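Visitor: When you get a sec, could you give me coordinates for this:
(chains A and B, ligands or ions: 1)
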Amino acid sequence: MPFNFTVSPDFAPDHMSGWFYFNTWMQRQLGTDIHLELYDSFEAQRADIRAGKVDLIYANPYDAAMLVREMGFKAVARPAKKRDEALIAVPADSAAQKVEDLMPGLRLATTADPDVHTIGMIMLEPADLDASNITQREYDSYILIAKALLRGEADVGFFLKDGFLELSDLIRKQMRVLVSSQISVVHHALLVGPELQPRFDELQSKLLTMHEDEKGAGVLESMAINGWERMSEEQTEFMIDLIDTLTV
Amino acid sequence: MPEQNSGSAREVLIRYYDGSERTATILDEEVPYPDGKLIVSRTDPQGIITHANQAFIEMSAYSREELIGTNHNILRHPDMPAVAFQGLWETVQSGKKWQGYVKNLRKDGRFYWVKATVIPNIRQGKLVGYTSVRRKPSRSKIAESEALYATLK
Ligand SMILES: Cc1cc2nc3c(=O)[nH]c(=O)nc-3n(C[C@H](O)[C@H](O)[C@H](O)COP(=O)(O)O)c2cc1C
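Guide: Next comes the predicted model:
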């Protein structure tokens, strides 16, 4: 039976092939079969996680709580210098100059990405806005959120900061950032499930030096990751505690 | 407590739950919460600070060295009623999350309002400390809290 690897559905579509190269790289390094399964939706992925069908996952920080505390996963590495920050943008001609100018009844464009949505909602709180007094619509990508803003179908949009920066200049110039998070301790992580944990140390040492060899560096580049960093158990627990405080 | 003389500095005696006290200089001047940031600290089970992030250091106006190893009540503002903190401690000691609005005292005597969430940190089934994460509160919640706390003092 091959091990099963999956990636949080919020990965940038441009880097999809990178995850397949990474999977091939890991199979070579560990000399074992690993099957990569990608999902369109967080819900479908979570159902398979709960069913025990996942052994290795590049997880969203929001899902890390369930994976580590309920399913016995352990963080083997995190992407170097890559943090999950969210921002709230408005059309460039919006009357709002700061979050506090936003009013009830506002039309929000968001994604299913749970950490960006959670951080975005927290950044709306200073304007006394929450799910009860705004209308929300979920879009499949950040480009679609930008389009909704530019077409006047939404008043504000939530973006992953990296997702916003990857939009073309032409599109970005027609929007304005109202607020951008600076949390710096929330990020994705590569988590290993119980079945694969006997190979944990081996996988970790290969990951931590991956950027040093030419092939490894090429694979990293195709995923838009600089390299892997060690993540201690306590760092993982701390991040989960922090996310826990944000979900109320 | 001495009378407030409007706008200027006043000396106030702060009495803590454990019976200790300190005299602090209070300036009735607010420092706005920084947009987009979270102020994070952690304590041991007794409430002694073990970790503070950069935003915490900047907003409290203390250095990291001054904060680590110090009782978290160093931030207690005399306008905060003792019952608010009793509620906090009862809630987290029973293993639950606490959330509330807190007026904090900076080293320089100025103050800042936060919306705080405090949770117990459980490792291998054992309580090892607490984490507090603060975010920017709305002006209306600050006004409500000011009115409420004034009646609880
Ligand atoms: C993790 C954690 C964070 C806390 N943060 C604050 C804070 O920011 N400001 C504050 O006045 N009290 C805070 N407290 C409560 C203090 O421990 C203390 O109860 C309070 O300042 C009142 O002081 P006293 O209980 O010694 O009278 C925190 C407690 C915990 C466990």
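
Visitor: give the contact list for the nearest residue to A:Pro2 once chain neighbours are set aside.
Guide: In space, A:Pro2 comes closest to A:Asp33 once its chain neighbours are excluded; the distance is 3.5 Å by Cβ to Cβ, 6 or more residues apart in numbering or on different chains. In short, each C-beta sits where N, CA and C put it, glycine included. Contact analysis of A:Asp33 by Cβ atoms under 8 Å, 6 or more residues apart in numbering or on different chains lists A:Met1, A:Pro2, A:Phe3, A:Gln27.

Visitor: Of these, just say which sits nearest to the ligand.
Guide: The ligand has its nearest neighbour among these in A:Phe3, at 39.4 Å by Cβ to the nearest ligand atom.

Visitor: distance of the residue of chain A found nearest the ligand from B:Lys97?
Guide: With Cβ to the nearest ligand atom, the shortest gap between chain A and the ligand falls at A:Thr245, namely 10.1 Å. A:Thr245 is 7 Å from B:Lys97, where distance means Cβ to Cβ, to the nearest Å.

Visitor: Looking only at neighbour counts, state which of the two leads.
Guide: Higher neighbour count among A:Thr245 and B:Lys97: A:Thr245, with 20 against 14, using other Cβ atoms under 10 Å in any protein chain shown.

Visitor: starting at the chain centroid, how far to the strand or helix carrying the more buried one?
Guide: Here A:Thr245 sits within helix A:233-246, counting by DSSP states H and E. The chain centroid and the centroid of helix A:233-246 are separated by 15 Å under Cα atoms, centre = their mean, to the nearest Å.

Visitor: One more: stretch A:54-61?
Guide: Counting by Cα atoms, centre = their mean, stretch A:54-61 comes out at 11 Å from the chain centroid.

Visitor: For that stretch, output the C-alpha coordinates as CSV.
Guide: Output of stretch A:54-61 as CSV, limited to C-alpha atoms (Å, rounded to 0.1, in the frame of the first residue of the first chain):
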residue,chain,number,x,y,z
VAL,A,54,-3.9,10.7,4.7
ASP,A,55,-0.3,10.0,5.8
LEU,A,56,1.4,13.2,4.9
ILE,A,57,-0.1,16.7,4.3
TYR,A,58,1.1,20.2,3.5
ALA,A,59,-1.5,21.6,5.9
ASN,A,60,-3.2,24.9,6.3
PRO,A,61,-2.6,26.2,9.9
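
Visitor: what about that stretch and chain B, any contact?
Guide: No. Between stretch A:54-61 and chain B, judged by Cβ under 8 Å from any Cβ of the partner chain, nothing touches; the nearest distance is 13.3 Å.

Visitor: who touches that stretch?
Guide: A:3-8, A:10-11, A:19, A:26, A:34, A:37, A:42, A:45, A:48-49, A:63, A:67, A:73, A:84, A:113-115, A:186-193, A:195-196, A:239-240, A:243.

Visitor: rewinding a little: which among the contacts of A:Asp33 count as buried?
Guide: A:Phe3, A:Gln27 (16 or more other Cβ atoms under 10 Å in any protein chain shown).

Visitor: Let me know the closest of the contacts of A:Asp33 to chain B.
Guide: A:Phe3 (26.6 Å; Cβ to the nearest Cβ).

Visitor: Provide a list of residues in contact with B:Leu127.
Guide: With Cβ under 8 Å, 6+ apart, B:Leu127 has these contacts: B:Pro45, B:Gly95, B:Pro120, B:Asn121.

Visitor: what do you get for A:Leu207?
Guide: Contacts of A:Leu207 (Cβ under 8 Å, 6+ apart): A:Val76, A:Ala77, A:Leu190, A:Trp228.

Visitor: Tell me the backbone dihedrals of B:Arg76, please.
Guide: Note on B:Arg76: its backbone torsions stand at phi -60, psi 130 [degrees, to the nearest 10].

Visitor: Restrict the host helix or strand of A:Leu191 to CA atoms and write it as CSV.
Guide: Element membership of A:Leu191 [criterion: DSSP H and E] is strand A:189-192. Taking C-alpha atoms only, strand A:189-192 is exported to CSV below (Å, rounded to 0.1, in the frame of the first residue of the first chain):
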residue,chain,number,x,y,z
ALA,A,189,3.4,23.1,7.7
LEU,A,190,4.3,19.6,6.4
LEU,A,191,2.7,17.1,8.8
VAL,A,192,3.4,13.4,9.1
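
Visitor: Of all the residues in stretch A:5-16, which ones are buried?
Guide: Buried residues in stretch A:5-16 (16+ other Cβ under 10 Å): A:Phe5, A:Thr6, A:Val7, A:Ser8, A:Pro9, A:Asp10, A:Phe11, A:His15.

Visitor: For the last one, report the pLDDT, please.
Guide: In this model, A:His15 is scored at 90, pLDDT.

Visitor: Check the first one too.
Guide: Taken from the predicted model, the pLDDT recorded for A:Phe5 is 98.

Visitor: Get me the contact residues on chain B for the ligand.
Guide: B:16-18, B:41, B:43, B:47, B:72-73, B:75-76, B:80, B:85, B:88, B:102, B:104, B:118, B:130, B:132 (Cβ under 6 Å from any ligand atom).

Visitor: okay, and the common contacts of A:Thr245 and B:Lys97?
Guide: B:Thr117, B:Val118, B:Ile119.

Visitor: In strands only, show me those residues.
Guide: B:Thr117, B:Val118, B:Ile119 (DSSP state E).

Visitor: for those, which one is nearest B:Glu66?
Guide: B:Val118 (21.3 Å; Cβ to Cβ).

Visitor: sorry, back to before: which of the contacts of A:Asp33 fall within strands?
Guide: A:Phe3.
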